[in-house]
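Novice: could you look at this predicted model? Sequence included:
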Amino acid sequence: MIEWQEQALVVEATKFAEHDALVAMFTPTRGIVKAIVKGAFSKRQRAGLEPMTLVEARFQARLPEHLGRIAFETMTPYAVRMLDDPLKLTALSSLATLVKTSLPEHDPHPELFTALTHYLEHMAQTTEARHWLPAFIALEIHLLESLGFGLDLSRCAATGVREDLRYVSPKSGRAVSGAAGAEYAARLLPLPAFLQGADEAPDWHELADGLRMTGHFLEHWLFSAIHRPLPQLRERLASQVTRRAAGGTPLPFS
């Protein structure tokens, strides 16, 4: 009998038989694990299977090749805490889909798990999009790096300078300064100032630029390597932010 218990983040739950669900969870030491949850859609368990819910999971299986069972206790139902913010819910679902589709099963990424749990708590406690969306974009960069697709945004690829970095090469993933990239600006991706530690809060245009940049590398590096399209939920998030930028929607500052 194989048994273990640890914290996990729910990334997907689909119906399996009449009352059960096939659930994918991201754990720090076992990566993505799939198992059956009995009675998953009961009133007591349903909320615990929302995307990115933090749970205490108990796994059992007879043999390694068998599809096991998971029982769980809900620790933090992040989706429930964000019900009044549709943009947050889209981001939460996007994050769950990115993790589920990009990480191989049983491939542990403890640092990424820690970063995710810290981010989710930050997101739940932060009402302003100018604070939680930049952190979301930084987390996508962390995901890329965790899977071997790191970006270098610290210095200009052409000159080596660390100042006035305004662009990112869509081919190399390296930063380019304003002077070196001016002639090629139309071919480069904008590098938002908030990714360089700028104190000034970003607006919707900068947030849209950030999602466009990470979306490019997620699609053309990560998901291209595993022969999958960029998840629709991730595209939906970028579209919602781009529409707000185009419409001049003010950020919900308190």
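Specialist: Nice, I can see it. The structure displayed is predicted, hence computed values, not measured ones. Numbering: from 1, shown residues only.
Novice: show me where the stretch 151-254 of the chain dips below the pLDDT cut-off.
Specialist: 248-254 (pLDDT under 70).
Novice: where does the residue nearest to the spatial centre of the chain fall, secondary structure wise?
Specialist: Residue closest to the average C-alpha location in the chain (Cα atoms, centre = their mean): L95, at 3.3 Å. Secondary structure assignment for L95, by DSSP states H and E: helix 86-102.
Novice: helices of the chain, start to end?
Specialist: 43-46, 78-81, 86-102, 110-125, 129-146, 178-181, 204-217, 224-225, 232-247 (DSSP state H).
Novice: dump these into JSON lines; add distance to T159 as well.
Specialist: Every C-beta, even on glycine, is put in place using the N, C-alpha and C of the backbone. Formatted as JSON lines, the helices of the chain follow (distance: least, Cβ to Cβ, whole Å):
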{"stretch": "helix 43-46", "distance to T159": "56"}
{"stretch": "helix 78-81", "distance to T159": "43"}
{"stretch": "helix 86-102", "distance to T159": "33"}
{"stretch": "helix 110-125", "distance to T159": "31"}
{"stretch": "helix 129-146", "distance to T159": "23"}
{"stretch": "helix 178-181", "distance to T159": "5"}
{"stretch": "helix 204-217", "distance to T159": "20"}
{"stretch": "helix 224-225", "distance to T159": "29"}
{"stretch": "helix 232-247", "distance to T159": "30"}
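Novice: of those, which is nearest R58?
Specialist: In terms of Cβ to Cβ, the element of the helices of the chain nearest to R58 is helix 43-46, at 13.2 Å.
Novice: tell me how many other residues crowd L207.
Specialist: 24 (other Cβ atoms under 10 Å).
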